[in-house]
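**Student:** sequence-free structure coming up:
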Ligand SMILES: Nc1ncnc2c1ncn2[C@@H]1O[C@H](COP(=O)(O)OP(=O)(O)O)[C@@H](O)[C@H]1O
Ligand SMILES: O=P(O)(O)OC[C@H]1O[C@](O)(COP(=O)(O)O)[C@@H](O)[C@@H]1O
């Protein structure tokens with residue numbers, strides 16, 4: 001079974017304003033609300049590929065109910081812990097460029113955390129656990145590290161999509177996959193990464209420190225995969241950017257969906273990289289059809 005954890009789910013509120021004026025009254029041209037948060041996005045994309053999974057985490061209030069209702073409507077299995085406050089609303093503003101404003105999210109009590117941890121007890125050998133997204137302020141900053149440590153003696157593959165120290169601290173426990181984007185990779189090592197060449201030594205360091213597979217996503221510059229076997233580059237297929245929110249989560253989901261079906265890391269990388277662009281070229285997320293259309297254009301080169 002695959003479990004995704006979203007500690008701080010959101011409603012992603014996409015708004016489009018033709019000519020956004022800071023400090024002025026702006027009328028919204030187009031708006032749409034979707035359930036969001038990194039683990040939830042992974043679950044939604046996995047579901048489109050018919051890969052069974054369960055979404056875990058914390059939801060609360062009317063926003064939390066909306067998130068749960070949307071996931072139920074999509075037939076996604078969930079087991080969220082209810083909290084008192086409202087799940088956050090993250091604003092995704094499009095006005096020529098994309099601007100994101102992510103909320104803080106509700107307070108999570110110690111009791112709610114204990115309930116969440118008890119839900120993880122069902123994991124068994126062969127499962128995949130996806131820990132994705134920011135950790136709310138009210139939870140220990142070390143939570144991902146504690147969870148991966150807990151499962152380190154079991155045959156459970158843990159995927160971590162986190163930033164900064166949270167990412168560095170899980171490395172000794174050999175995460176199956178981590179996926180920083182190039183900016184996040186730069187932040188980890190306090191350097192500026194702009195090109196594929198810039199990224200190579202730092203992606204390699206993450207493998208040297210314990211990660212099994214590292215995908216460094218670089219937006220329109222493509223993706224890099226680092227493994228003990230080698231370093232690979234995936235180019236970007238032709239297309240028109242529509243919305244890059246969730247593109248990174250699609251890379252993670254595509255990688256997992258392909259890996260569980262075929263067990264081949266490089267093919268999974270190609271599929272994940274294609275899923276990222278297929279989502280970036282769509283208003284919503286990639287589908288098996290949009291990936292089919294693009295995958296032959298995504299070449300994998302060993303560097
Ligand atoms: N403008 C774009 N054109 C084509 N593909 C894109 C674009 N933006 C993102 N992608 C695809 O989605 C992947 C993840 O996007 P990225 O922005 O790097 O991650 P994140 O969403 O985590 O910040 C990219 O590596 C690429 O495969
Ligand atoms: O937990 P964080 O880091 O605040 O991120 C949450 C946001 O990231 C997203 O999951 C999108 O992530 P990506 O663009 O990296 O794939 C949104 O749905 C959500 O609003």
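**Tutor:** Arrived safely, thanks for sending. This one's a predicted model, so the numbers in the text were calculated from it and none came from an experiment. Ligands and ions are numbered 1, 2, ... in the order given.
**Student:** only C-alpha atoms from now on, for both contacts and neighbour counts.
**Tutor:** Noted.
**Student:** excluding chain neighbours, what is closest to whichever residue of the stretch 201-303 of the chain sits closest to ligand 2?
**Tutor:** Closest residue of the stretch 201-303 of the chain to ligand 2, C-alpha to the nearest ligand atom: residue 246 (3.1 Å). Leaving aside its sequence neighbours, residue 246 sits nearest to residue 41 (C-alpha to C-alpha, 6 or more residues apart in numbering; 6.7 Å).
**Student:** try residue 254
**Tutor:** residue 272 (4.0 Å).
**Student:** buried residues in the host helix or strand of the one you found?
**Tutor:** Using DSSP states H and E, residue 272 maps to helix 265-280. Across helix 265-280, burial judged by 16 or more other C-alpha atoms under 10 Å covers 265-266, 268-280.
**Student:** what does stretch 23-38 give?
**Tutor:** So for stretch 23-38, counting by 16+ other C-alpha under 10 Å, buried means 33, 34, 35, 36, 37, 38.
**Student:** before we move on, back to that, touching, the residue nearest to residue 246 and residue 247? I think so.
**Tutor:** No - with contact defined as C-alpha atoms under 8 Å, residue 41 does not count as touching residue 247 (9.4 Å).
**Student:** close to ligand 2, is stretch 55-65?
**Tutor:** No - using C-alpha under 6 Å from any ligand atom, stretch 55-65 stays clear of ligand 2, coming no nearer than 11.8 Å.
**Student:** quick check: mean pLDDT of that stretch?
**Tutor:** The average pLDDT within stretch 55-65 is 98.
**Student:** now it, how far from the chain's geometric center?
**Tutor:** 18 Å (C-alpha atoms, centre = their mean, to the nearest Å).
**Student:** do stretch 87-106 as well
**Tutor:** Per C-alpha atoms, centre = their mean, the centroid offset for stretch 87-106 relative to its chain is 16 Å.
**Student:** quick check: buried residues in that stretch?
**Tutor:** 87, 88, 89, 90, 91, 92, 93, 94, 103, 104, 105, 106.
**Student:** tell me which two of those sit farthest apart.
**Tutor:** Farthest pair in the buried residues of stretch 87-106 (C-alpha to C-alpha) is 94 and 106. Separation: 25.8 Å.
**Student:** let me see the contact set for the most centrally placed residue in the chain.
**Tutor:** Taking C-alpha atoms, centre = their mean, the centroid of the chain lies closest to residue 249, which sits 3.3 Å from it. The contact partners of residue 249, by C-alpha atoms under 8 Å, 6 or more residues apart in numbering, come to 38, 39, 41, 42, 276.
**Student:** wait, is the second one part of a helix?
**Tutor:** Yes - inclusion of residue 39 in a helix is indicated when DSSP: H, G, I helix; E, B strand; the rest coil is applied.
**Student:** neighbours of it, how many?
**Tutor:** 30 (other C-alpha atoms under 10 Å).
**Student:** distance of it from residue 2?
**Tutor:** 11 Å (C-alpha to C-alpha, to the nearest Å).
**Student:** swap in the last one?
**Tutor:** Residue 276 sits at a distance of 20 Å from residue 2 (criterion: C-alpha to C-alpha).
**Student:** what of the fourth one?
**Tutor:** Shown here: residue 42 relative to residue 2, a distance of 10 Å by C-alpha to C-alpha.
**Student:** which one of these two has more residues nearby?
**Tutor:** residue 42 (29 against 22).
**Student:** so who does the more buried one touch?
**Tutor:** 4, 249, 250, 252, 253.
**Student:** between these, which is closest to residue 136?
**Tutor:** Once C-alpha to C-alpha is applied, the member of those that ends up nearest residue 136 is residue 4, at 16.2 Å.
**Student:** which SSE is the closest one in?
**Tutor:** Using DSSP H and E, residue 4 falls in strand 2-6.
**Student:** other SSEs contacting that strand?
**Tutor:** On a contact count with 3 or more C-alpha pairs under 8 Å, 6 or more residues apart in numbering; DSSP states H and E, strand 2-6 meets helix 38-48, strand 53-60, strand 128-132.
**Student:** that one vs strand 128-132, what angle?
**Tutor:** Using axes from the mean of the first three to the mean of the last three C-alpha atoms, to 10 degrees, one finds that strand 2-6 and strand 128-132 are set 20 degrees apart in direction.
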